[in-house]
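Enquirer: Sequence first, predicted coordinates after that:
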Amino acid sequence: MDVFCEYIVKVKKKPVELLLSVLGVIAGLLLLGVSLMFLFTAFSSFVLLIDAGIVYGVYILISHFNVEYEYILTNGDIDIDKITAKRKRKRMLSFSTKEFEIVAPYKDGQAYTNVLDLGTRNYDNAYYAVFSKDGQKKTLIFNPPQKMIEAMKTYSPRTVHLKGEIENY
């Protein structure tokens, strides 16, 4: 029987990203105000073109901070893609669940090494997975749904731990 799970999570924006978006809008409005002073000159057609470029640039800046991660589990193989502004997709990780040393619920205060945070930045329902890549141990922090964790457990029952299953892992 084939197993296929697909799940998209939206990343919570950092305060720095919100600040950069606001500053981009303010800078865009200031540039629009300055360009409007040249509207009734010989360069008025260029001013409108520049204004359109400013508005488009602010739109690109703001939408650049809209990030989602797509988790795909297909017969024990996991693919994690980063989707930026619902326009650009990039494969972040691709591996088998059998490569995991452990998958368990994320705990605050625990020391993790070589962290790849590919989750929502909400760690209440997050999981961490330890695996080796390029000769280094890496820790993946992600937010899969319970159904995906249970499907992963069918392919790697000794390494995948569900919430509340055991306390000391």
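Expert: Yep, it's here.
Enquirer: And the average pLDDT for stretch 138-157 is what?
Expert: For stretch 138-157, mean pLDDT rounds to 89.
Enquirer: And the contacts of that stretch?
Expert: For stretch 138-157, contacts defined as Cβ atoms under 8 Å, 6 or more residues apart in numbering pick out 3, 5, 7, 9, 69, 71, 73, 75-76, 78, 80, 93, 96-98, 100, 103, 106, 112-120, 122-123, 125-132, 160, 162. In short, each C-beta sits where N, CA and C put it, glycine included.
Enquirer: likewise stretch 111-127?
Expert: For stretch 111-127, using Cβ under 8 Å, 6+ apart, the contacting residues are 9-12, 14, 69, 80, 82, 92-93, 103-106, 108, 128, 136-144, 149.
Enquirer: returning to that earlier point: weed out the non-buried ones from the contacts of stretch 138-157.
Expert: 5, 9, 69, 71, 73, 76, 78, 80, 93, 97, 100, 103, 106, 116-120, 123, 126-131, 160 (16 or more other Cβ atoms under 10 Å).
Enquirer: Now for Lys90, which secondary structure element holds it?
Expert: strand 88-96 (DSSP states H and E).
Enquirer: Give me the distance from the helix or strand that that strand is followed by to the chain's centre.
Expert: Note on strand 88-96: by DSSP H and E, the next helix or strand toward the C-terminus is strand 100-105. Centroid separation for strand 100-105 versus its chain: 20 Å, with Cα atoms, centre = their mean, to the nearest Å.
Enquirer: how about the CA coordinates for strand 100-105, as PDB?
Expert: Presented in PDB, the C-alpha positions along strand 100-105 are these (Å, rounded to 0.1, in the frame of the first residue of the first chain):
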ATOM      1  CA  PHE A 100      16.800   9.300  11.000                       C
ATOM      2  CA  GLU A 101      18.500   8.600  14.300                       C
ATOM      3  CA  ILE A 102      15.500   9.900  16.200                       C
ATOM      4  CA  VAL A 103      12.300  11.900  15.600                       C
ATOM      5  CA  ALA A 104      10.600  13.200  18.700                       C
ATOM      6  CA  PRO A 105       8.600  16.200  20.000                       C
END
